[in-house]
Structures are given as structure tokens and as C-alpha cells.
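Enquirer: Generate a structure from the sequence data that follows.
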Amino acid sequence: MASETKASTGTDRKRAAIFQYFSIMALLALCVIGVVVMGVGATPAVEPRLVVRPMLALFAITFVVWILIPLSRHWAGLTGRATLEYLRTFRGEKPAEWIERPARVYDNLMQAPTLFYVMAILMLVTPWADETQLRLAWLFVGLRLAHAGVYLAANHLLLRFAAFALSSAILWVMWARYAVYSGVL
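Expert: Below is the predicted model:
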């Protein structure tokens, strides 16, 4: 009887995980469609310098995560949660996964956001920006903050992926809109 209950509980967990997966993926798909639809059509121009604000916000997020790297590593070393040998060479007995999370989040903030900074600089230099592009910039920053927060706090894979994928879709739409509406081509 106990094994039947255990098997039933395992099946229920699998069903719940599958439901959660497809629910998040469906919501993600709807959001991506919404972003693409939002990106269609030119909107009123805005002062291109306004894009500096989301750039600074993203830099602030990156700076905070950067500060967390030595804090988590030093704390881990001082409390014995990581060996000095590991902290010196990154070889040997690995510490708990969460100790290196800030470094992985920082690595993430050095990847796709670089393309965001390039887009923002192009909008400043050409100069071209519209309301939608500015909204998309802020959405991108908000989703990168959500991605970093989820990664650092709970490391919930599906939520982390959803924030990453949607921020990537926003970046693609920003680049496509720039190519179509900026008049540089």
C-alpha cells in the first residue's frame, strides 16, 4: 500500500512538473508574440538620450552582481564553505553551487546585454529612437533584472529560461526595428 502511495505521489509530481513546464512555455510564447506585435510600426520619436537611462540601470544591475562575486567567495572562504585552494585555482573540492552563482550571473550580464549596449549606442549616434524602442529597452532591462534575481535567489530553471528567452526576443525586435525604422539602411 505504501509503495502505491509513493508511486502515486511520484506520478502527481511528474504531472505537476509537466503542467508547469507547458504553462510557462505557453505564457512565454504569448509574450514573445506580444513583443513582436508591439514592435510593428513606427511610433513617435523620442530624444535618443533617453536610452542612456536603461543603459545605466543595466550597468547598475551588473555592478551589484559584480560586487556579490567577491562577497560570496570571501564569505565562503572565511566560513569554510569553500577551500582556499579552490578559491585560488578553481580546482579541487568544489563548494556549494550557490557560491559561484554570482559569477555565472555576471557572465550572463556580459553576453546578450552587450548587444543591448551596442543598440543603445547606435540609437545615440545616428540619432534615432522612438517610444516603442525606449519601452523595449526598459523591458529588456527589467527582464535581465528578473533573470539575475531568479538565478541568484531560487535558480528556478523554467523562470530563468523564460526571462532569458523573452529578453532575447526583445533584443531581436529592437535590432529589427532599428534596421527597418531608423533610416540608416
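Enquirer: alpha carbons only for contacts and neighbour counts from here, please
Expert: OK.
Enquirer: my read: Arg81 touches Pro95, true?
Expert: Yes - checked against Cα atoms under 8 Å, the pair Arg81 and Pro95 is within contact range at 6.1 Å.
Enquirer: Now do Leu158 against Ala17, distance only.
Expert: Distance, Leu158 to Ala17, by Cα to Cα, to the nearest Å: 10 Å.
Enquirer: still on that earlier bit, between Arg81 and Pro95, point out the one with more neighbours.
Expert: Shown here are Arg81 and Pro95; by other Cα atoms under 10 Å, Pro95 has more neighbours (18 against 15).
Enquirer: With adjacent residues omitted, what lies nearest to that one?
Expert: Distances taken as Cα to Cα, 6 or more residues apart in numbering place Ala82 nearest to Pro95, at 4.9 Å, with adjacent residues excluded.
Enquirer: hang on, isn't that neighbour packed against Glu97?
Expert: No - in this structure Ala82 lies outside contact range of Glu97 using Cα under 8 Å: 10.6 Å.
Enquirer: Of those two, which one has the most company?
Expert: Ala82 (19 against 7).
Enquirer: for the more buried one, helix, strand, or coil?
Expert: Applying DSSP: H, G, I helix; E, B strand; the rest coil to Ala82 yields a three-state assignment of coil.
Enquirer: Contact partners for it?
Expert: 73, 76, 93-96 (Cα atoms under 8 Å, 6 or more residues apart in numbering).
Enquirer: Tell me which two of these sit farthest apart.
Expert: With Cα to Cα as the measure, no two of the contacts of Ala82 lie farther apart than Arg73 and Glu93, at 14.1 Å.
Enquirer: With neighbour numbers in mind, choose between the two.
Expert: Shown here are Arg73 and Glu93; by other Cα under 10 Å, Arg73 has more neighbours (21 against 11).
Enquirer: Just to be sure, that one is in a helix?
Expert: Yes - counting by three-state DSSP, Arg73 is found in a helix.
Enquirer: give me the element the residue nearest to it when sequence neighbours are not counted is part of.
Expert: Spatial nearest neighbour of Arg73, excluding adjacent residues (Cα to Cα, 6+ apart): Ile99 at 6.4 Å. Using DSSP states H and E, Ile99 maps to helix 97-109.
Enquirer: buried ones in the next helix or strand after that helix?
Expert: Downstream of helix 97-109, the first helix or strand assigned by DSSP H and E is helix 112-125. For helix 112-125, a neighbour-count test (16 or more other Cα atoms under 10 Å) marks 113, 116-117, 119-124 as buried.
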